[in-house]
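Participant: Below is the sequence, then the predicted model.
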Amino acid sequence: MDRAPLTVTITGAGGQIGYALLFRIAAGDMLGDRPVRLRLLEIPQGMRSAEGAALELQDCAFPLLRDVEITDDPGTAFDGCSIALLVGSRPRGPGMERADLLAANAGIFGPQGAAIQAHAADDVRAVVVGNPANTNALIAAASAPDIPAGRFTALTRLDHNRAVGQLTAMLDAEAADIRDVAIWGNHSATQFPDVAHATVAGRPVMDALTERLGSEGAATAWLDEDFVPRVARRGAEIIEVRGSSSVASAANATIDHVRDWMLGRAPEDGWTSVALPSQGEYGVPEGLVCSFPATSDGSGYRVVEGLAMDERARARFEVSVAELAAERDAVAALGVL
Ligand code: NAD
Ligand code: LMR
């Protein structure tokens, strides 16, 4: 196994998710026993916070951490980068319209995509966490046309993990027993968390829900009225309860996403969910960064194709795909794509 250090660049490293990510990466949670170099990209206002995190990293004396560099220059941050975690983005401010938000983020993810193309390692892989994550990934990929589009992904692993968490609670099961949940569409309230193919300890989740809730009708009602909206709106629920958005769970999902992508995912663990540029799978317009169920053998994520989808599921998925297309059109209208 290659033991040469990998360069991991984290944008927005001085922010909340950055703080939750850095220590777990340096501890080896993301890449196993592979040594890492960390490159922390911030804007000038975030530099002190990133510097403070770097001091704490030093105080941990992590055996796998080779060095840490902090910069506000994307070219320096992505120099030699193999894994780019694009976390820093422009949050929606008071009175800000969606188009303003997309424009502000285009101004971040366009230049970062271009800097990745110009400076990163040939085999770079990027995941966008900063919202609106799918469309930010689309912008970054469009700004790096020489990099195969599938190397730009957006995070829906958090939604996937949330769906597993809801099922474990309802079925009194362990997370490791749940397989083949799927998140379809956008990382937004329109997403469709789908259990049609999911199993719990080898048994269809639908059968287990029917037994638990007394009838198939009750199981369907729970899925429609509780499970789907709860998973799709969990980010808002966390903001309401915690007073700020998900941090540790978002960092954890980012680590899960990269670990499975780089090291592979055991077939017995089933598939995961990842947003990646569509190649037309399931009729999704080519290029939209859409969440699909996917597998990984370590060489790249592959969409699980050919899954049956009933009419209701298809209608839900199409709502989310239409939202992605509208975001793409809004960005294109700004002249960014
Ligand atoms: P935060 O405000 O604590 O941190 C963001 C950091 O990004 C700040 O330090 C800021 O200075 C920095 N930043 C802003 N513009 C930058 C730029 N151009 N280059 C480099 N750094 C820049 O926010 P957070 O809690 O860490 O969340 C980060 C993002 O992740 C938000 O957009 C949030 O909505 C999103 N998020 C996504 C998911 C998901 O599942 N995809 C889940 C939770 C949060
Ligand atoms: C989440 O899913 O927790 C976040 O995307 C929510 C948000 O708006 O930051």
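Facilitator: That came through, no problem. Ligands and ions are numbered 1, 2, ... in the order given.
Participant: where along the protein do the strands fall?
Facilitator: Counting by DSSP state E, the segments of the chain that form strands are 6-11, 36-41, 65-71, 83-86, 125-128, 152-154, 178-179, 182-184, 192-194, 199-200, 203-204, 272-277, 289-296, 301-303.
Participant: which ones are touching whichever residue of the stretch 151-300 of the chain sits closest to ligand 2?
Facilitator: Residue of the stretch 151-300 of the chain nearest ligand 2, by C-beta to the nearest ligand atom: Gly235 (2.7 Å). Where C-beta positions appear, they are placed from N, C-alpha and C, glycine not excepted. Listed by C-beta atoms under 8 Å, 6 or more residues apart in numbering, the contact partners of Gly235 are 245-246.
Participant: hang on, the earlier thing: hey, which of the strands of the chain is tucked in deepest?
Facilitator: Of all the strands of the chain, strand 152-154 has the most neighbours on average by mean count of other C-beta atoms under 10 Å, namely a mean of 30.
Participant: and it, what does it pack onto?
Facilitator: Here strand 152-154 touches strand 125-128, helix 133-142, strand 272-277, strand 289-296, going by 3 or more C-beta pairs under 8 Å, 6 or more residues apart in numbering; DSSP states H and E.
Participant: Determine the angle, from 0 to 180 degrees, between the last one and helix 133-142.
Facilitator: Orientation note: strand 289-296 sits at an angle of 80 degrees relative to helix 133-142 (axes from the mean of the first three to the mean of the last three C-alpha atoms, to 10 degrees).
Participant: the inter-axis angle of strand 289-296 versus strand 272-277?
Facilitator: Angle of strand 289-296 versus strand 272-277, following the same axes, to 10 degrees, is 130 degrees.
Participant: tell me the mean pLDDT over strand 289-296?
Facilitator: Average pLDDT, strand 289-296: 98.
Participant: again with the shortest one
Facilitator: The pLDDT scores in strand 125-128 average 98.
Participant: Likewise for stretch 72-90?
Facilitator: pLDDT averaged over stretch 72-90 gives 97.
Participant: And ligand 1, is it touching that?
Facilitator: Yes - Stretch 72-90 lies within reach of ligand 1 by C-beta under 6 Å from any ligand atom, at 87-89.
Participant: Tell me the residue of the stretch 1-150 of the chain that sits nearest ligand 2?
Facilitator: For the stretch 1-150 of the chain, C-beta to the nearest ligand atom, closest residue to ligand 2: Asn131, 5.2 Å.
Participant: Spit out the contact partners of that residue.
Facilitator: Going by C-beta under 8 Å, 6+ apart, Asn131 touches 89, 91, 187.
Participant: run the last query once more with 10 Å
Facilitator: Asn131 makes contacts with 89-92, 101, 105, 154-155, 187-188, 235, 245, as judged by C-beta atoms under 10 Å, 6 or more residues apart in numbering.
Participant: Likewise for Leu307?
Facilitator: 180, 182, 184, 194, 196-197, 271, 281-282, 292-293, 313.
Participant: What about ligand 2: which of the residues you listed touch it?
Facilitator: Subset of the contacts of Leu307 in contact with ligand 2: empty, counting by C-beta under 6 Å from any ligand atom.
Participant: circling back: switch the strands of the chain over to TSV; also include distance to Ile239.
Facilitator: Compiled in TSV, the strands of the chain are given as follows (distance: least, C-beta to C-beta, whole Å):
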stretch	distance to Ile239
strand 6-11	22
strand 36-41	25
strand 65-71	28
strand 83-86	21
strand 125-128	20
strand 152-154	20
strand 178-179	26
strand 182-184	19
strand 192-194	19
strand 199-200	30
strand 203-204	34
strand 272-277	21
strand 289-296	21
strand 301-303	29
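Participant: show me what contacts Ala169?
Facilitator: Going by C-beta under 10 Å, 6+ apart, Ala169 touches no other residue.
Participant: Relative to Thr210, which of the strands of the chain is closest?
Facilitator: strand 203-204 (9.1 Å; C-beta to C-beta).
Participant: Can you tell me the strand partners of the closest one and which way each runs?
Facilitator: With DSSP bridges as the test, strand 203-204 is paired with strand 199-200 (antiparallel).
Participant: Which residue would be the closest one in this protein to ligand 1?
Facilitator: Across the chain, the shortest distance to ligand 1 (C-beta to the nearest ligand atom) belongs to Gly15, at 1.9 Å.
Participant: Which residue is the nearest non-sequential neighbour of Pro44?
Facilitator: Nearest in space to Pro44, with sequence neighbours left out and distances taken as C-beta to C-beta, 6 or more residues apart in numbering, is Asp72 at 5.6 Å.
Participant: for Val195, same thing?
Facilitator: Going by C-beta to C-beta, 6+ apart, Val195 has Val205 as its nearest residue, at 4.6 Å.
Participant: Tell me, how many residues neighbour the one you found?
Facilitator: For Val205, the count of nearby residues is 23 (other C-beta atoms under 10 Å).
Participant: show me what contacts it?
Facilitator: 167, 170-171, 173, 178-181, 195-199, 219, 223.
Participant: now the contacts of Leu307 in JSON lines, with distance to Asp159?
Facilitator: Shown next, in JSON lines, are the contacts of Leu307 (distance: C-beta to C-beta, whole Å):
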{"residue": "Asp180", "distance to Asp159": "15"}
{"residue": "Ala182", "distance to Asp159": "10"}
{"residue": "Trp184", "distance to Asp159": "10"}
{"residue": "Asp194", "distance to Asp159": "11"}
{"residue": "Ala196", "distance to Asp159": "16"}
{"residue": "His197", "distance to Asp159": "16"}
{"residue": "Trp271", "distance to Asp159": "14"}
{"residue": "Glu281", "distance to Asp159": "18"}
{"residue": "Tyr282", "distance to Asp159": "17"}
{"residue": "Phe292", "distance to Asp159": "12"}
{"residue": "Pro293", "distance to Asp159": "12"}
{"residue": "Ala313", "distance to Asp159": "16"}
